[in-house]
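Novice: sequence first, then the predicted structure:
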Amino acid sequence: MFSFSDETKAKLRNRVVWSRLVGWALLCYAAAIYGGVVTAPAIPEWYAGLTKPWFSPPNWLFAPVWTTLYAMIAAAIWIAVEFDRSGAEKAQKLRLQLLFVFQMVLNGLWSWAFFGQKSPAIALAILAILLLTGIVTLRIFASRRPLAAWLFLPYVVWLSFAGLLNAAIVRLN
């Protein structure tokens with residue numbers, strides 16, 4: 001019977017671990033691409049015509065911020081699941097992963113509601129749920145791997161800022 005050496009097994013495990021990081025990054029950037037596709041057509045006319053609050057950042061800032069945040073949150077979920085120090089069982093890790101996937105779905109739904117449907121009010125409701133799930137995820141990350149929480153924190157802060165911006169747009173329009 002054929003068997004692998006311990007060194008070969010370790011290399012295979014490392015490849016699997018790294019491939020999971022790539023998978024998380026692909027999920028995050030799939031949400032980003034969807035958001036961009038839904039958002040781009042609405043910016044020149046509809047979004048440009050909205051009254052925005054004084055603290056609204058310039059349009060060019062959103063793409064680099066989201067690109068950075070998606071990289072950070074992909075790394076955060078990967079670290080929290082692959083290098084968990086809490087002794088969580090498989091079922092707990094699966095729930096965390098599903099919660100993360102749910103957040104990516106909510107990200108897409110927000111873009112669809114705000115830009116695709118041109119409904120800032122519905123988008124704000126989605127964002128409230130997204131922020132709540134982000135805070136829950138942040139707490140779980142903190143209990144498992146503080147590094148994962150630190151990587152995820154800017155995302156939660158940005159979601160909070162996005163909520164203020166979204167709420168102001170609802171109020172002003």
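Specialist: On my side now, so go ahead. Residues are numbered from 1 along each chain as shown.

Novice: pLDDT-wise, which helix or strand of the chain ranks last?
Specialist: Here the helix or strand of the chain ranked lowest by mean pLDDT, DSSP states H and E is helix 6-39, holding a mean of 84.

Novice: now for that helix, which elements pack on it?
Specialist: helix 59-82, helix 90-111 (3 or more C-beta pairs under 8 Å, 6 or more residues apart in numbering; DSSP states H and E). Where C-beta positions appear, they are placed from N, C-alpha and C, glycine not excepted.

Novice: now these in CSV, with mean pLDDT?
Specialist: CSV is the format used below for the helices and strands packed on helix 6-39 (pLDDT from 0 to 100):
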stretch, mean pLDDT
helix 59-82, 95
helix 90-111, 95
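
Novice: closest to R144 out of those?
Specialist: helix 59-82 (4.9 Å; C-beta to C-beta).

Novice: packing partners for that closest one?
Specialist: Partner elements for helix 59-82 (3+ C-beta pairs under 8 Å, 6+ apart): helix 6-39, helix 90-111, helix 120-144, helix 146-172.

Novice: what residues does the second one touch?
Specialist: Yep, that's helix 90-111 we're talking about. The contact list for helix 90-111, computed with C-beta atoms under 8 Å, 6 or more residues apart in numbering, reads 24, 27-28, 30-31, 34-35, 38-39, 73, 77, 80-81, 84, 88, 123, 126-127, 129-130, 133-134, 136-137, 140, 144.
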